[in-house]
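A.B. asks: mind looking at a prediction? Sequence and model below.
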Amino acid sequence: MKIVLNGKEVAAKEGQTILEVARANGVNIPTLCYVPALDAAAMCRLCTVELTEGRRTKLVTSCNYPLRRDAEIQTDTDALRNGRRLLIELLAPRCPDSVKLQELAAEYGANLKRFPESNQDCVMCGLCARVCERVGGRTLTLSGRGVEIHVDTAFGRPSELCIGCGACAQICPVNKIQVVDEDGFRRVIVRGQEASRIPLNKCTSCGKFFGPVISLSQVMANLGEEKVPPPNQSVCPECSRHNLAIRMAQRHFEQYELAPHETVEEV
Amino acid sequence: MSGTEVICQEIEVDYMLLDRIINDDFGGNREAMIMMMQAIQHNYRFLPEPALKYLSQTIGVPLTKIYEVATFYASFSLEPKGKHIVQVCTGTACHLKGSYRMVEHICERKGMEPGKTSEDMLLTLETVNCVGACAVAPVVVMDEKYYPKADIKTVNEFLDGLNAQ
């Protein structure tokens, strides 16, 4: 398999995607919806490249196009830059304060005033929904289609399935999902609206709130670790460490009849 | 959150019927999910939330995925539909032949909006994009029966028939 990337022959394994090969060879292709850990969905279309297989040249999304035969790939032609510029011009008004889009706009010379601002705080990459299905409580999804598509919970109501992991907030390329811990509740806020509200555990030792009240056994099962007993949810991790340290110190130093601070002073 | 506002009302869902649809008719296969949803919709005239929850548990597909499918296809409805369904084609040919006048007329007569159900739950008015019979435009589909070259008179006859019942 002979792969020519931007005029240079590169090594590639069969089945690797164009994006993987490009990144392995230091060629930058912009993406918004690509995360290596999740299946590629080709939602943002920014990673479109020109692919010549045989005698035909076509535009393909590089994130989900596996290489199977000899191919010639161009990642930065004028046509592609124009296409990307248009995509950025269309996406940026949806998210006017996104740093990532501003950077891309500067790189591609996009005119951010070309289309009116719609301020929907979302670029429709679907990453939050995909990561929620993969690691979270299967809370978020894309609903509707075409221009009406939007991130939503089932039946548009705050979900009971959310485990408050915050993966959606972490993965959002425009940082428009917030996880807020306040007043003993963890709330996941998607585009200004509450997607879930989970009570937080109160530490029985120090009284501080920590971690959401969720069924950890279900989380362990989702991770394929059914047999591992879920950790203690009544004491916060800090107190847990602290209490263990005290217990160990007591056991250890009673044996030698030494108080912990005395040993420090002697040294 | 935004999106479909589901009317909250108690719906009696027959789980025996759901079991029959899911297991007997389609073998409990998750690949047949859309067909199961169609069967459920056929029975209830919409997709009741408890039925979708039960479907999700039985075939092991996340509820969010089912919701995604239900909102993606225009033929699925999460809101209860009326007893009778009128679909007016607003495709190019039918529109030019004045189908919008029928839509306006029905809306005015029943005091409703396109895509919605009348308050007495008798009638749902849908605008569809093409029913594949442009040669006999404008087309109206009332209770799954096609009326070619329809006009306000055709619609009125149907609506009078409903009122007489």
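C.D. replies: That came through, no problem.

A.B. asks: from now on I want contacts and neighbour counts done on CA atoms only, so please keep to that.
C.D. replies: Fine.

A.B. asks: can you dump the C-alpha coordinates of stretch A:216-228 into CSV?
C.D. replies: C-alpha atoms of stretch A:216-228 as CSV (Å, rounded to 0.1, in the frame of the first residue of the first chain):
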residue,chain,number,x,y,z
LEU,A,216,-21.5,2.6,42.1
SER,A,217,-22.2,-1.1,41.5
GLN,A,218,-23.8,-0.1,38.2
VAL,A,219,-20.8,2.0,37.3
MET,A,220,-18.5,-0.9,38.0
ALA,A,221,-20.7,-3.1,35.9
ASN,A,222,-20.6,-0.7,33.0
LEU,A,223,-16.8,-0.7,33.3
GLY,A,224,-16.8,-4.6,33.2
GLU,A,225,-15.6,-4.8,36.9
GLU,A,226,-18.7,-6.4,38.4
LYS,A,227,-16.7,-8.4,41.0
VAL,A,228,-14.8,-5.4,42.4
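
A.B. asks: run a quick neighbour tally on residue A:204.
C.D. replies: Neighbours of residue A:204 under the rule other C-alpha atoms under 10 Å in any protein chain shown: 13.

A.B. asks: got the contact list for it?
C.D. replies: Contacts for residue A:204 (C-alpha atoms under 8 Å, 6 or more residues apart in numbering or on different chains) come out as A:234-236.

A.B. asks: again, only this time at 7 Å
C.D. replies: By C-alpha atoms under 7 Å, 6 or more residues apart in numbering or on different chains, residue A:204 lies in contact with A:234-235.

A.B. asks: which of the three states applies to it?
C.D. replies: Under DSSP: H, G, I helix; E, B strand; the rest coil, residue A:204 falls in the coil class.

A.B. asks: contact residues of the stretch 151-267 of chain A facing chain B?
C.D. replies: A:152-157, A:193-195 (C-alpha under 7 Å from any C-alpha of the partner chain).

A.B. asks: most neighbours out of these, which is it?
C.D. replies: With neighbours taken as other C-alpha under 10 Å, the top of these is residue A:153, carrying 30 neighbours.

A.B. asks: nearest residue to that residue other than its sequence neighbours?
C.D. replies: Spatial nearest neighbour of residue A:153, excluding adjacent residues (C-alpha to C-alpha, 6 or more residues apart in numbering or on different chains): residue A:140 at 4.9 Å.

A.B. asks: could you tell me which of the residues of the stretch 151-267 of chain A next to chain B belong to strands?
C.D. replies: A:152-153, A:193-195 (DSSP state E).

A.B. asks: what about residue 35, how many residues nearby?
C.D. replies: By default, I'm working from chain A. Residue A:35 has 14 neighbouring residues, counting by other C-alpha under 10 Å.

A.B. asks: try chain B instead
C.D. replies: By other C-alpha under 10 Å, the residues close to residue B:35 number 15.

A.B. asks: thinking again about what came up before, turn the residues of the stretch 151-267 of chain A next to chain B into TSV, including pLDDT.
C.D. replies: Shown next, in TSV, are those (pLDDT from 0 to 100):
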residue	pLDDT
A:152	90
A:153	91
A:154	88
A:155	89
A:156	86
A:157	88
A:193	85
A:194	89
A:195	90
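
A.B. asks: need phi/psi at residue A:4.
C.D. replies: Main-chain torsions, residue A:4, degrees, to the nearest 10: phi -110, psi 120.

A.B. asks: closest to chain B out of the ones in strands among the residues of the stretch 151-267 of chain A next to chain B?
C.D. replies: Chain B lies nearest to residue A:193 out of those, by C-alpha to the nearest C-alpha, at 5.6 Å.

A.B. asks: low-confidence ranges, chain B, go.
C.D. replies: B:1-11 (pLDDT under 70).

A.B. asks: show me where it has helices.
C.D. replies: Listed in chain order, the helices of chain B (DSSP state H) span B:15-19, B:33-44, B:49-59, B:63-72, B:92-96, B:99-110, B:152-164.

A.B. asks: would you mind giving the ones you listed as a markdown table with distance to residue B:131 added?
C.D. replies: As requested, the helices of chain B are exported to a markdown table (distance: least, C-alpha to C-alpha, whole Å):
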| stretch | distance to residue B:131 |
| --- | --- |
| helix B:15-19 | 30 |
| helix B:33-44 | 19 |
| helix B:49-59 | 28 |
| helix B:63-72 | 19 |
| helix B:92-96 | 10 |
| helix B:99-110 | 13 |
| helix B:152-164 | 17 |
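
A.B. asks: tell me which of these sits most buried.
C.D. replies: Comparing those by mean neighbour count (mean count of other C-alpha atoms under 10 Å in any protein chain shown), helix B:63-72 ranks first with a mean of 22.

A.B. asks: return the distance of that one from the chain's centre.
C.D. replies: 16 Å (C-alpha atoms, centre = their mean, to the nearest Å).

A.B. asks: neighbouring contacts of that helix?
C.D. replies: Against helix B:63-72 from outside (C-alpha under 7 Å, 6+ apart): A:138-145, A:153-155, B:53, B:56, B:76.

A.B. asks: ok, so of the residues you listed, who is nearest residue A:123?
C.D. replies: Comparing the contacts of helix B:63-72 against residue A:123 with C-alpha to C-alpha places residue A:142 closest, at 12.0 Å.

A.B. asks: related to what we said a few turns ago, would JSON lines of the ones in strands among the residues of the stretch 151-267 of chain A next to chain B with distance to residue A:252 be doable?
C.D. replies: As requested, those are exported to JSON lines (distance: C-alpha to C-alpha, whole Å):
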{"residue": "A:152", "distance to residue A:252": "54"}
{"residue": "A:153", "distance to residue A:252": "52"}
{"residue": "A:193", "distance to residue A:252": "52"}
{"residue": "A:194", "distance to residue A:252": "49"}
{"residue": "A:195", "distance to residue A:252": "48"}
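
A.B. asks: still on that earlier bit, ok, the residue nearest to residue A:153 to residue A:94 distance?
C.D. replies: 20 Å (C-alpha to C-alpha, to the nearest Å).
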